[in-house]
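**Student:** Build the 3D model from these lines:
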Amino acid sequence: MSEQPPYLRIADELRQRIAEHVWEPGDRLPSRAQIGQECGVGENVVRRAQELLISQGVLEGRAGSGTYVAEPRERVRVVRSSAREQPSGSPFRQDMKALRRQSDWESRTDAKVPAPAEIAKRLGIAEGELCVRTTYEFLADGKPVQLSTSWEPYAITGGTLVVLPEGGPHAGAGVVNRMAEIGVTISHAVEQPEPRHATAEEASLLGIQKAALVTHIRRTYYSDEGRPAETADIVVPAAHCEIVYEIPISR
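**Tutor:** Residues are numbered from 1 along each chain as shown. Alright, predicted model coming up:
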């Protein structure tokens, strides 16, 4: 078995010191040079270890000040389940209500946006075909906990009352309920989650460290005819959110 990389060993050492209350939440860590000297490694190894722990929410970096032990923060539970697609409200709002948190979201819609190649492939349309794009920032107690960018083919909703997801008489009703208003029945969704590092823009919007770990979910809704009706890229910070999948069982 290969030896553990030095930065992982140092990360374990720093994590152990925090667990043993050598450093408490809010404490400033010694300099990288001092930690490196104590542990017999170079400053770059300590830097990599600290960056890993920052991405996991154990530490936090403060520009011009140093690295600190992060204050404990309850992870937001994000539940993914077809059973939660209810006419009465959004699944996100249900999740926040269960945690006794105030939920809200901000959005921006751009109509008639040419579909990029990847989005066109996911929607089964030609590259450059017009779509309605909506970006979302979901908030819990006023703090961002989830980002989403939604794409809907303009050919499906154009000229109808549901063309704007967050505007008109069916604003905020969700994809399933809005599509039902124009005779499109959503039968299922396909989600593909994968871990990756946050982009600079995502980190800024979510209030996390640059390159922190996030879970990126590619979700596509399909009609009962097998046609993609909407696709979205959902991004949640791994350190602040846990994603749970509920699997309904038919009897």
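**Student:** show me where the stretch 151-251 of the chain has strands.
**Tutor:** For the stretch 151-251 of the chain, the strands defined by DSSP state E, counting those that start in this stretch occupy 186-197, 213-223, 228-237, 241-245.
**Student:** Relative to the whole chain's centre, how far out is the first one?
**Tutor:** Using Cα atoms, centre = their mean, to the nearest Å, the distance from the centre of strand 186-197 to the centre of the chain it belongs to is 11 Å.
**Student:** Can you say which of the strands of the stretch 151-251 of the chain is packed in most?
**Tutor:** strand 228-237 (a mean of 22; mean count of other Cβ atoms under 10 Å). (C-beta placed from N, C-alpha, C; glycine too.)
**Student:** Report all helices and strands that that one contacts.
**Tutor:** Counting contacts by 3 or more Cβ pairs under 8 Å, 6 or more residues apart in numbering; DSSP states H and E, strand 228-237 packs against helix 117-123, strand 143-153, helix 175-181, helix 200-206, strand 213-223.
**Student:** Same list, the strands of the stretch 151-251 of the chain, but as CSV with mean pLDDT and distance to Gly57 please.
**Tutor:** Shown next, in CSV, are the strands of the stretch 151-251 of the chain (pLDDT from 0 to 100; distance: least, Cβ to Cβ, whole Å):
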stretch, mean pLDDT, distance to Gly57
strand 186-197, 92, 14
strand 213-223, 94, 9
strand 228-237, 95, 8
strand 241-245, 82, 10
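**Student:** re earlier: so which of the helices and strands packed on strand 228-237 gets nearest Glu191?
**Tutor:** strand 213-223 (4.6 Å; Cβ to Cβ).
**Student:** how far off strand 186-197 does the closest one point, in degrees?
**Tutor:** 160 degrees (axes from the mean of the first three to the mean of the last three Cα atoms, to 10 degrees).
**Student:** how about the residue lying closest to Ala212 once chain neighbours are set aside, phi and psi?
**Tutor:** For Ala212, ignoring the flanking residues on the chain, the nearest one in space by Cβ to Cβ, 6 or more residues apart in numbering is Ser55 at 4.4 Å. Taking degrees, to the nearest 10, you get phi -60, psi -20 for the backbone angles of Ser55.
**Student:** for Glu20, same thing?
**Tutor:** Glu20 adopts backbone torsions of phi -90, psi 10, taken as degrees, to the nearest 10.
**Student:** Do you know the pLDDT at it?
**Tutor:** The per-residue pLDDT reported for Glu20 equals 92.
**Student:** Kindly provide the distance from it to Arg48.
**Tutor:** From Glu20 over to Arg48 the distance is 22 Å, taken as Cβ to Cβ, to the nearest Å.
**Student:** how does this structure divide into domains?
**Tutor:** 6-69, 76-245 (automatic domain parsing).
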